[in-house]
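Enquirer: Below is the sequence, then the predicted model.
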Amino acid sequence: MDKEAIIEKVRVHTKDNRIACKQAIRIADEENISPKDLGEILNELKIKVAHCQLGCFP
């Protein structure tokens, strides 16, 4: 996992410190990491998941 590359992808899709759940799941799939691991990165960056579909992100 290249954390810096993941962070860059997240930042591209983030607006007002929020990212859509669908986009977050897509990034996790593309980077071959679990939604939980991506959620931890989002928490570090203080980015909230918007329009959460399945409760995948705390």
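Expert: It's in.

Enquirer: and the helix or strand of the chain with the lowest mean pLDDT, what does it pack onto?
Expert: When the helices and strands of the chain are scored by mean pLDDT, DSSP states H and E, strand 48-50 comes last with a mean of 92. Judged by 3 or more CB pairs under 8 Å, 6 or more residues apart in numbering; DSSP states H and E, the packing partners of strand 48-50 are strand 18-20, helix 21-30, helix 35-45. C-beta coordinates here come from the backbone N, C-alpha and C atoms, glycine included.

Enquirer: Work out the sheet partners of that strand and label each with its direction, please.
Expert: strand 18-20 (parallel) (DSSP bridges).

Enquirer: how far does stretch 13-22 stretch from start to finish?
Expert: By CA to CA, to the nearest Å, the extent of stretch 13-22 from end to end equals 11 Å.

Enquirer: pLDDT score for the residue sitting nearest the centre point of the chain?
Expert: A centroid search over the chain (CA atoms, centre = their mean) returns residue 24, at 3.9 Å, as the residue closest to the centre. pLDDT for residue 24: 94.

Enquirer: now swap in residue 1 and tell me
Expert: 72.

Enquirer: go on, residue 33?
Expert: 96.

Enquirer: which residues does the nearest residue to it once chain neighbours are set aside contact?
Expert: Distances taken as CB to CB, 6 or more residues apart in numbering put residue 1 closest to residue 33, at 5.6 Å, once the chain neighbours are dropped. By CB atoms under 8 Å, 6 or more residues apart in numbering, the contact set of residue 1 is 31, 32, 33, 37.

Enquirer: Same question for residue 19.
Expert: 10, 13, 42, 47, 48, 49, 50.

Enquirer: Can you tell me how far the residue nearest to residue 33 is from residue 36?
Expert: Here residue 1 is placed at a distance of 13 Å from residue 36 (CB to CB, to the nearest Å).
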